[in-house]
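In: Below are the sequence and a predicted model; questions follow.
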Amino acid sequence: MNAGVGRLSVQLRSAELPIRSTCYGGDISPEIRIGRLNPAVQSIAVFALNPFEPGCSHTAWIIWNIEPRATIPEGIPKEGRVTHPLSALQGINDAGSIGYRGPCPRSGEMHRYLFKVYGLDAMLDLPPGAAKHQVIGAMKGHVLQFGDTIAIYG
């Protein structure tokens, strides 16, 4: 990563995911606001992770080849190749499906989701439905900027 390019600012509408962004309300991907994008960024990739899942981190969403933009709208369809409300490709999450999967804590538990946003210097040459390790491998050497934010639900 080129340290001179600067860190992305990443924000959700609130620090707590709304019920609509959980398994209890439809698993609708949240809106993500991105600031301080460098003009050299050619595409954006996003990973949503539950880093506190027992045993290892749980990947809940992988989306890439998003054209540089200040807002990723909520409600991205659960399709490998997305054409509306933006153009992007999505991979297989750790639940074995394509698209965003929201937290589903049991009563009394709290889940945290880490949204990691990468500004890349290229579009990634990967097919829809790629696995997280394929996306990570394709991103190597292309990350210009990075930012993240955490949301909770419980």
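Out: Nice, thanks for sending it over.
In: rest of the way, CA atoms for contacts and neighbours
Out: OK.
In: Can you pull out the low-pLDDT segments for this structure?
Out: Filtered on pLDDT under 70, the chain yields the residue ranges 1-5, 53-56.
In: Let's verify residue 79: helix, strand, or coil?
Out: Using DSSP: H, G, I helix; E, B strand; the rest coil, the structure places residue 79 in coil.
In: distance of it from residue 9?
Out: Distance, residue 79 to residue 9, by C-alpha to C-alpha, to the nearest Å: 27 Å.
In: what's the answer for residue 108, then?
Out: Residue 108 is 31 Å from residue 9, where distance means C-alpha to C-alpha.
In: Likewise for residue 114?
Out: 14 Å.
In: Quickly list what's touching both of those two.
Out: Taking C-alpha atoms under 8 Å, 6 or more residues apart in numbering as the contact rule, residue 114 and residue 9 both touch residue 148.
In: Tell me which stretches of this protein form helices.
Out: Applying DSSP state H to the chain gives helices spanning 132-139.
In: ok, which stretches of it are strands?
Out: Using DSSP state E, the strands of the chain run over 9-11, 32-35, 43-50, 58-66, 71-72, 81-82, 88-90, 111-120, 143-153.
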